[in-house]
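**Q** The sequence and its predicted three-dimensional model are supplied below.
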Amino acid sequence: MVASPHDLPPLFSLGRVVATPGALKALKDTGIDGKALLGRHQRGDYGDLSEHDRLANADAMKDGGRILSAYSLPNGVRIWIITEAAGDDGKRACTTFLMPDDY
């Protein structure tokens with residue numbers, strides 16, 4: 001039996017989770033549960049990324065760099081989730097839901 005992605009352990013800590021007003025509105029407008037997207041992000045399902053960004057995430061898992069996910073919502077709007085780079089203590093302080101225009 002193959003494990004569901006929901007059964008996989010988290011790959012990294014999220015730190016404090018925050019969202020921009022635009023991202024909150026996009027989630028509300030589409031009825032998408034932000035916790036479900038966070039789970040995907042934290043378990044390595046980074047959504048609609050280029051190969052370059054996927055490789056950057058793989059490197060970030062090794063060196064503590066920034067981790068990016070991009071998801072297309074049902075209405076065609078894209079939302080990003082970014083977990084900041086690890087600090088000197090090796091912990092990630094913050095994960096942010098945002099719209100690409102917010103970056």
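**A** Done, it's in. Only a predicted model underlies this, so the values are computations on that prediction, with no experimental measurement involved.

**Q** From here on, just use CA atoms for contacts and neighbour counts.
**A** Will do.

**Q** Asp101: neighbour count?
**A** Here the count is done by other Cα atoms under 10 Å, and Asp101 has 9 residues near it.

**Q** Are we agreed that it is in a helix?
**A** Yes. When DSSP: H, G, I helix; E, B strand; the rest coil is applied, Asp101 is found to be in a helix.

**Q** got any ranges where the protein has weak pLDDT?
**A** Within the chain, the stretches with pLDDT under 70 are 1-6.

**Q** need the helices for it, in chain order.
**A** Listed in chain order, the helices of the chain (DSSP state H) span residues 21-30, 34-42, 51-63.

**Q** what's the spacing between the closest residue to Leu49 other than its chain neighbours and Gly34?
**A** Leaving aside its sequence neighbours, Leu49 sits nearest to Ala70 (Cα to Cα, 6 or more residues apart in numbering; 6.2 Å). Separation of Ala70 from Gly34 (Cα to Cα, to the nearest Å): 13 Å.

**Q** Between these two, point out the one with more neighbours.
**A** Here Ala70 and Gly34 are compared on neighbour count by other Cα under 10 Å; more neighbours surround Ala70, at 23 against 16.

**Q** Check whether the more buried one really touches Val77, as I assumed.
**A** No. Proximity of Ala70 to Val77 does not meet the contact threshold set by Cα atoms under 8 Å, at 10.4 Å.

**Q** Setting aside sequence neighbours, what's the nearest residue to Ala56?
**A** Ile67 (7.8 Å).

**Q** contacting residues around that neighbour?
**A** With Cα atoms under 8 Å, 6 or more residues apart in numbering as the criterion, the residues that contact Ile67 are 56-57, 60-61, 82-85.

**Q** mind redoing it with 6 Å?
**A** For Ile67, the contacting residues are 57, 82-83, taking Cα atoms under 6 Å, 6 or more residues apart in numbering as the criterion.

**Q** Could you report the neighbour count for the closest residue to Arg16 other than its chain neighbours?
**A** When the adjacent residues along the chain are set aside, Arg16 lies closest to Cys94, with 4.5 Å between them (Cα to Cα, 6+ apart). A count of neighbours around Cys94, defined by other Cα under 10 Å, yields 16.
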